[in-house]
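Colleague: got a predicted model here, sequence first, then my questions.
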Amino acid sequence: MSGIIAWLILGLIAGALAKFFYPGSQGGGIFSTIALGILGALVGGYLGQVLLGSGAAASATVGALSIGSIVFAVLGAMLLIFLWGLVARRAV
């Protein structure tokens with residue numbers, strides 16, 4: 001149960017920070033922010049692990065709450081915001 005809570009907290013923190021730092025306006029409420037952060041943690045953790053072999057990146061993929069995991073989760077969430085903007089722009 002504590003793992004799920006850690007994922008939710010990491011997702012909320014990472015999603016909120018990614019939306020704060022990424023330029024432009026992103027819609028969505030608290031649930032989309034959490035989902036964005038959780039997916040960002042998976043993407044950022046995986047890419048960091050593959051590219052850097054970093055232990056902090058690996059901890060992002062398991063939902064650990066540390067500075068390194070939050071950084072990788074925010075970077076992953078920002079990447080997802082960017083990709084979503086590309087997809088949404090083409091659809092319109």
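Modeller: Sure, I can see it.

Colleague: so after the worst-scoring helix or strand of the chain on mean pLDDT, what's the next helix or strand?
Modeller: Within the chain, judged by mean pLDDT, DSSP states H and E, the helix or strand with the poorest mean is helix 55-61; its value is a mean of 57. Downstream of helix 55-61, the first helix or strand assigned by DSSP states H and E is helix 67-91.

Colleague: list the buried ones in that next one?
Modeller: 68-81 (16 or more other CB atoms under 10 Å). Backbone N, C-alpha and C define where each C-beta goes, glycine included.

Colleague: now do it: distance to the chain's middle.
Modeller: 7 Å (CA atoms, centre = their mean, to the nearest Å).

Colleague: cool, stretch 12-27 as well?
Modeller: Stretch 12-27 sits 9 Å away from the centroid of its parent chain (CA atoms, centre = their mean).

Colleague: any chance you could list what contacts it?
Modeller: 28, 30, 32-38, 40-41, 44, 70, 73-74, 76-78, 80-82, 85 (CB atoms under 8 Å, 6 or more residues apart in numbering).

Colleague: same deal with stretch 71-84?
Modeller: Residues contacting stretch 71-84 (CB under 8 Å, 6+ apart): 10-11, 13-15, 17-19, 21-22, 26, 36-37, 39-48, 54, 56-57, 60.

Colleague: all set now, cheers.
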